[in-house]
Every structure is written in structure tokens, then in C-alpha cells.
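**Q** Below is the structure, and that's it, no one-letter string:
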């Protein structure tokens with residue numbers, strides 16, 4: 001993974017460095033905001049023809065990015081490093097869209113879901129392109145798209161001991177087992193839109209929406225999953 005990230009960083013830096021310097025304004029930017037990770041779908045790929053799909057219900061999280069780029073007037077290119085994280089809340093299982101009851105610790109009762117604790121996070125390196133629309137008074141409306149790589153982590157995922165059952169019964173039996181952690185590297189892409197307005201001669205306040213997603217990646221050779229998030233980000237872009 002380190003070699004992959006290093007290679008991508010070198011390529012992005014080379015692309016910025018070899019673009020005609022006299023035509024560009026260079027900038028750095030930083031963003032932070034709220035991220036909503038969509039439910040993470042995991043499936044047992046070896047169970048055919050009807051694999052069991054596990055759905056991890058996700059909570060609200062945070063996202064941060066930093067970038068360096070070149071501004072050519074109507075378009076921009078940049079290299080971006082980012083981090084995003086969301087909590088894991090619940091787990092359900094299904095086959096062809098039908099919920100599969102899970103074994104629970106309440107005798108004859110059958111569990112339909114269980115509460116989880118844990119964190120899903122991703123470190124990213126992206127190459128982004130922008131197209132800016134001038135609204136006047138140096139205010140810009142823009143669209144953006146990017147591709148890159150992500151290293152995705154699942155941190156200390158474990159059952160809280162709370163179960164919900166088909167007959168409405170709930171139980172809570174504390175989990176004494178340790179959590180599970182894992183990670184994988186995958187390709188990623190993102191699209192978005194935003195608006196930027198100057199707050200001084202060389203600084204712009206920038207508000208954006210971003211949709212981010214990864215390709216499928218395997219865990220322990222039998223599980224396949226991907227992640228996707230919606231983010232609202234606020235930041236600053238500084239020309240130099």
C-alpha cells in the first residue's frame with residue numbers, strides 16, 4: 001500500500017510540476033465537514049447461487065481533505081490527500097432482499113438484527129479536476145471529479161450484545177469477546193460541486209458537496225464490499 005500511495009503522489013506532483021507554470025496560479029486548500037457513509041454491503045461470495053448479504057448500518061461521520069493544485073482560469077487540477085470516518089451501528093443479514101434471522105441468546109426467540117460498535121475509515125490519495133463557472137465578483141460555481149486509491153480500515157468491530165427479535169423482544173448480554181479489525185486497498189473515485197467566494201485578495205471560502213465511492217474489495221478471501229459516502233465540506237483555498 002505504501003508503494004502504491006507513494007507512486008500516485010509522485011505522478012500527481014509530476015503532473016502539476018510539468019504543466020506550464022506561466023499559465024497557472026498555484027494554490028493550497030483544506031476542508032473539513034460532515035460525512036454520511038451509506039450502509040456497507042458485504043457478501044459471502046463463495047455461497048452460490050444465493051450468497052448471504054450482510055448490511056452494516058452506518059452512523060454520521062467526519063471527513064477532511066488537503067490539496068495542492070494549479071488554477072488555469074476556467075479549470076484546475078490538483079493532488080488531494082483525505083481522511084474520512086464513520087461509526088458502525090447495526091448488522092442485518094439477507095438473501096435476495098429477504099432478511100435472514102440470526103441466532104440470538106434468548107432461547108426460542110429469533111434475532112433479525114444486532115447492534116454493533118466499531119469504526120469504518122478511509123485514507124485516500126486522489127487526482128482531481130475542476131471546471132469553474134465565473135458568476136461575477138470573483139465568485140465561482142464549479143464541478144469536480146477525481147480518481148485515486150483508498151486504504152479502508154474497519155476498527156474494533158464487535159457485537160454490543162443487544163439483539164432485536166422477530167417477536168419484538170430485545171435482550172442485552174454484554175459481549176466479552178474482542179473486536180475485529182481489518183483493512184484493504186482499493187481504487188476510488190469522487191464527483192462533486194461547490195461554490196467559492198473571495199474573503200481577501202488571495203483567499204477564498206469554499207463550500208462543496210462530494211460523493212465518494214470505492215470499487216469492490218475482498219476481505220479474508222471470501223468477503224466482498226465497497227464503501228460510498230456523501231459529504232458536506234467547508235474550507236479555504238489560498239493562492240500563491
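**A** Received the coordinates, thanks. Since the structure is predicted, the reported quantities are computational estimates derived from the model, not experimental observations.

**Q** Could you check how far the closest residue to residue 199 other than its chain neighbours is from residue 232?
**A** The shortest distance from residue 199 to any non-neighbouring residue, by CB to CB, 6 or more residues apart in numbering, is to residue 205 (5.1 Å). Where C-beta positions appear, they are placed from N, C-alpha and C, glycine not excepted. As judged by CB to CB, to the nearest Å, residue 205 and residue 232 stand 14 Å apart.

**Q** what separates residue 147 from residue 190, distance-wise?
**A** Taking CB to CB, one finds residue 147 at 8 Å from residue 190.

**Q** Find residues that contact each of those two.
**A** residue 126 (CB atoms under 8 Å, 6 or more residues apart in numbering).

**Q** quick one, strands of the chain?
**A** Remark: strands assigned in the chain by DSSP state E are 25-37, 40-44, 53-58, 60-71, 75-95, 98-99, 111-136, 139-165, 170-172, 180-198, 203-214, 217-219, 223-225, 228-239.

**Q** any chance of the ones you listed in a markdown table, with mean neighbour count and mean pLDDT too?
**A** A markdown table is the format used below for these (neighbours: other CB atoms under 10 Å; pLDDT from 0 to 100):
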| stretch | mean neighbour count | mean pLDDT |
| --- | --- | --- |
| strand 25-37 | 17 | 97 |
| strand 40-44 | 17 | 76 |
| strand 53-58 | 19 | 84 |
| strand 60-71 | 18 | 97 |
| strand 75-95 | 19 | 90 |
| strand 98-99 | 10 | 60 |
| strand 111-136 | 18 | 89 |
| strand 139-165 | 18 | 86 |
| strand 170-172 | 13 | 56 |
| strand 180-198 | 17 | 94 |
| strand 203-214 | 18 | 98 |
| strand 217-219 | 15 | 75 |
| strand 223-225 | 17 | 74 |
| strand 228-239 | 18 | 98 |
